[in-house]
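Student: got a sequence here, can you model it:
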Amino acid sequence: MGKLICGIDEAGRGSVIGPMVIAGILINEEKINELTNLKVRDSKEVKPEEREKLYDEILKIAKTWKIIILTAKEVDSETRRNKMMGINHLEARKFIEIINELKPDIAYIDLPSRNPEKFRSIIYQMLKHECQLILEHKADKKYPATSAASIIAKVTRDREIKKLKEKFGDFGSGYPHDPKTRRFIREILKSSSEAQEYIRLSWQTIKRVMQTRLEEHGD
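Tutor: Numbers count the residues shown, from 1 in each chain. So this is what the prediction gives:
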């Protein structure tokens, strides 16, 4: 029997609204070609309706999987601005949780950190399950298992974002560069709306939005 391969990736790390989702899938080595035949690739290169179809197909091929949804508050609580270890450390802990549970022989991880060796050392310090780790930038473009995890994470986050939009209205992509997102945040911060629960309040974007509000209102 072939090795057990795990792919891990996240969606929503840089978002200012909504959750960050981390997905890990476990697949038998001999089934990797089935992922390749599905033409799985980095989720950003796949249209939303195709991602939805691939989601179901990937889970049929996978031996098992684990999806972790981190709320805006959970992500916020780990930032350096809140005197914690930072998002890289949070991701590393969640990657470890996935590896320890899925128990692969090899794990391919899309590297979030600019410092691969530091990130690798964090993981090895806390890892209970022994396996080969492949930590690379753009792993979601190179390795089918990581591409598949990327799609699972993205579809899961998109579904969560859809629920939020049904509740609070269209706030755009939820990312800081989006003018619609910034306008939404500006309005929400003026109110006592429950939507504040879903905004990462320690993000630099929030500080800029608050500053804009001060400038608009004057002294």
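Student: helices along this structure, start to end?
Tutor: With helices called from DSSP state H, the chain shows them at 32-37, 48-61, 72-76, 87-102, 116-126, 139-142, 144-168, 179-190, 204-217.
Student: buried deepest among those helices, which one?
Tutor: Of all the helices of the chain, helix 144-168 has the most neighbours on average by mean count of other C-beta atoms under 10 Å, namely a mean of 22. Glycine gets a C-beta too; all of them are placed from N, C-alpha and C.
Student: so it versus helix 87-102, what angle?
Tutor: 110 degrees (axes from the mean of the first three to the mean of the last three C-alpha atoms, to 10 degrees).
Student: which residue sits closest to Asp105, ignoring its sequence neighbours?
Tutor: Lys3 (3.9 Å; C-beta to C-beta, 6 or more residues apart in numbering).
Student: neighbours of the one you found, just the number please.
Tutor: 15 (other C-beta atoms under 10 Å).
Student: where does it land on pLDDT?
Tutor: At Lys3, the predicted lDDT confidence score is 96.
Student: could you do the one 4 residues further on as well?
Tutor: Among the per-residue scores, Gly7 holds a pLDDT of 97.
Student: and if you look at Glu215?
Tutor: On the pLDDT scale, Glu215 is placed at 39.
Student: ditto for Met84
Tutor: 53.
Student: give me the mean pLDDT for stretch 47-56.
Tutor: Stretch 47-56 comes out at a mean pLDDT of 92.
Student: ok so, going back, quick check: the residue nearest to Asp105 touching Lys103?
Tutor: No - judged on C-beta atoms under 8 Å, Lys3 makes no contact with Lys103 at a distance of 11.5 Å.
Student: of the helices of the chain, give the one that comes closest to Gln196.
Tutor: Gln196 sits nearest to helix 179-190 of all the helices of the chain, at 5.9 Å, using C-beta to C-beta.
Student: identify the residues contacting Ile106.
Tutor: Under the criterion of C-beta atoms under 8 Å, 6 or more residues apart in numbering, the contact list for Ile106 reads 3-6, 131-134.
Student: need the helices of the chain in a markdown table with distance to Gln196, can you?
Tutor: Formatted as a markdown table, the helices of the chain follow (distance: least, C-beta to C-beta, whole Å):
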| stretch | distance to Gln196 |
| --- | --- |
| helix 32-37 | 40 |
| helix 48-61 | 27 |
| helix 72-76 | 9 |
| helix 87-102 | 20 |
| helix 116-126 | 31 |
| helix 139-142 | 32 |
| helix 144-168 | 10 |
| helix 179-190 | 6 |
| helix 204-217 | 10 |
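Student: of all these, which one is nearest Ile22?
Tutor: Closest among the helices of the chain, using C-beta to C-beta: helix 87-102, at 4.8 Å.
Student: how about the closest one as CSV, C-alpha atoms only?
Tutor: Extracted in CSV, the C-alpha atoms of helix 87-102 (Å, rounded to 0.1, in the frame of the first residue of the first chain):
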residue,chain,number,x,y,z
ILE,A,87,-0.9,34.7,13.0
ASN,A,88,2.1,32.5,11.9
HIS,A,89,2.2,30.8,15.3
LEU,A,90,-1.6,30.4,15.2
GLU,A,91,-1.4,28.7,11.8
ALA,A,92,1.5,26.5,12.8
ARG,A,93,-0.5,25.2,15.8
LYS,A,94,-3.5,24.5,13.6
PHE,A,95,-1.4,22.7,11.0
ILE,A,96,0.0,20.6,13.8
GLU,A,97,-3.5,19.8,15.0
ILE,A,98,-4.4,18.5,11.5
ILE,A,99,-1.2,16.5,11.1
ASN,A,100,-1.5,14.9,14.6
GLU,A,101,-5.1,13.9,13.8
LEU,A,102,-4.8,12.8,10.2
